[in-house]
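Enquirer: I would like to see how this sequence folds:
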Amino acid sequence: MSTVKMTRFTLIITLSLIAAVLTWVGVAFSSTPLGNVQINYRISVPTSQVYTLTDREYYYSVIEDIRNAKSSIMVAMYSMIYDPDDPFDWANDLIRELVRARERGVNVTVILEYRTYQGYMDKNLNAYRYLSANGINVLLDNDTETDHMKLVIIDDHIIYVGSHNWSEAGLYYNRETSIRIISPEVAKEFKEYFQTIFR
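Expert: Model prediction:
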């Protein structure tokens, strides 16, 4: 992981691949209503608390943070593909770590996309069934608005956001970019948005 070298990190990120994900959070000159949440663009994060993650770095970082989670994990994922018959699948690893976290008392909440403008995300059904069967509070979002997020919030202060889906391709094969942010203030903003969907 490399530390982003800026004196202030404005959450309108210059990385074009994740700018669209973060357009509603960052430093700007006004605030924008988003559903029932008022997002105020006045958050800055010290450089030592923002890390870039490319390709396979994401997996190693997020699985460690999930394993160390103490109180809560919130995941909103466009594509989460659980393939229990595949002995080497990093998506399986992350999904199973969510179950292990719940078993040790962590409050785990997951939003999975199901109904999109182009059809249904049937590939998410196995993950939904597995998580539900293991006591995780999971929403299979059937709303017509597509949840294209790849968001993880851990213990109300660690955030992952970017392009990594929880699929074998997204975690192992593809070129992907995400960031890891350590900030209770940023986590609060994302958590409020998460809760506008999981209601």
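
Enquirer: quick check: beta-bridge partners of the most centrally placed residue in the chain?
Expert: With distances taken as CA atoms, centre = their mean, the residue of the chain nearest its centroid is Leu151 (1.5 Å). Listed by DSSP bridges, the beta-bridge partners for Leu151 are Ala76, Val161.

Enquirer: what of Leu139?
Expert: Ile111.

Enquirer: is it true that it touches Leu112?
Expert: Yes - the pair Leu139 / Leu112 is scored as a contact, 7.0 Å apart, by CB atoms under 8 Å. Bear in mind the C-beta positions are built from the backbone N, C-alpha and C, glycine included.

Enquirer: which one's more surrounded, these two?
Expert: Each of Leu139 and Leu112 has its neighbours counted (other CB atoms under 10 Å); Leu112 has more, 22 against 18.

Enquirer: so what pLDDT did the residue nearest to the more buried one when sequence neighbours are not counted get?
Expert: Of all residues not flanking Leu112 in the chain, Asn124 sits nearest, at 4.6 Å (CB to CB, 6 or more residues apart in numbering). Asn124 is assigned a predicted lDDT (pLDDT) of 92.

Enquirer: so what's Asn124 up against?
Expert: Applying CB atoms under 8 Å, 6 or more residues apart in numbering to Asn124 gives the contacts Ser79, Met80, Ile81, Leu112, Glu113, Tyr114, Leu140.

Enquirer: confirm it sits in a strand?
Expert: No - going by DSSP: H, G, I helix; E, B strand; the rest coil, the assignment for Asn124 is helix, not a strand.
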